[in-house]
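Participant: what would the 3D arrangement of this be:
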Amino acid sequence: MSETEDDRLMIALEGWARGAYDCEAAVMMLTRGTMWRRLKGDLLSVKAIGTDEESGRGWMDRDALEEYALDNGLSGGERRVLWLIASLLGVVSAPPIGELLSGIDDRNVEVFLQAAAHLAGWHERGESTVVTGRIGA
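Facilitator: Numbering: from 1, shown residues only. From the prediction side, this is the model:
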């Protein structure tokens, strides 16, 4: 997939999600995390994400995403990121978030925290915070 096609797919997914915080957060986690380049082709092929050829509008299928997250061919980090995305979408079979976060890299944790803040509506209130990984002085 070329960079232009990649950009179109991200824009299409963002358009699909617009207005629904859970979907916006899930798309944010998928497209801004470190697994995007590795997983997008697989997610397209299993129809967990895609675009409507006529309208160009994107979509994400929770059931297909959940099924793909169960795939034993994925690395532990890939599976955890997919389960975090599924969690943001309200998939109830996802493992506890605490178990998922402990096994992913710092960049994906950062993106998850941004997505969680978005889901909580912080962007609507102009709120933000810096996470340093340290509590206290």
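
Participant: skipping adjacent residues, who's closest to H123 in space?
Facilitator: A117 (7.5 Å; C-beta to C-beta, 6 or more residues apart in numbering). Backbone N, C-alpha and C define where each C-beta goes, glycine included.

Participant: next, count neighbours for the one you found.
Facilitator: Around A117 there are 17 other residues, counting by other C-beta atoms under 10 Å.

Participant: is it true that it touches S128?
Facilitator: Yes - A117 is within contact range of S128, at 7.3 Å (criterion: C-beta atoms under 8 Å).

Participant: returning to that earlier point: in terms of secondary structure, what does the helix or strand harbouring the residue nearest to H123 contact?
Facilitator: Taking DSSP states H and E as the criterion, A117 maps to helix 106-119. When contacts are defined as 3 or more C-beta pairs under 8 Å, 6 or more residues apart in numbering; DSSP states H and E, helix 106-119 sits against helix 21-32, helix 76-88.

Participant: closest to W122 out of these?
Facilitator: Smallest distance to W122 across these (C-beta to C-beta): 10.1 Å, for helix 21-32.

Participant: which residues are contacting that closest one?
Facilitator: Applying C-beta atoms under 8 Å, 6 or more residues apart in numbering, the contact partners of helix 21-32 are 10, 13-14, 16-18, 36, 39, 43, 49, 60, 81, 84-86, 88-90, 108, 111-112, 114-116, 118-119, 121.

Participant: many thanks, we can stop here.
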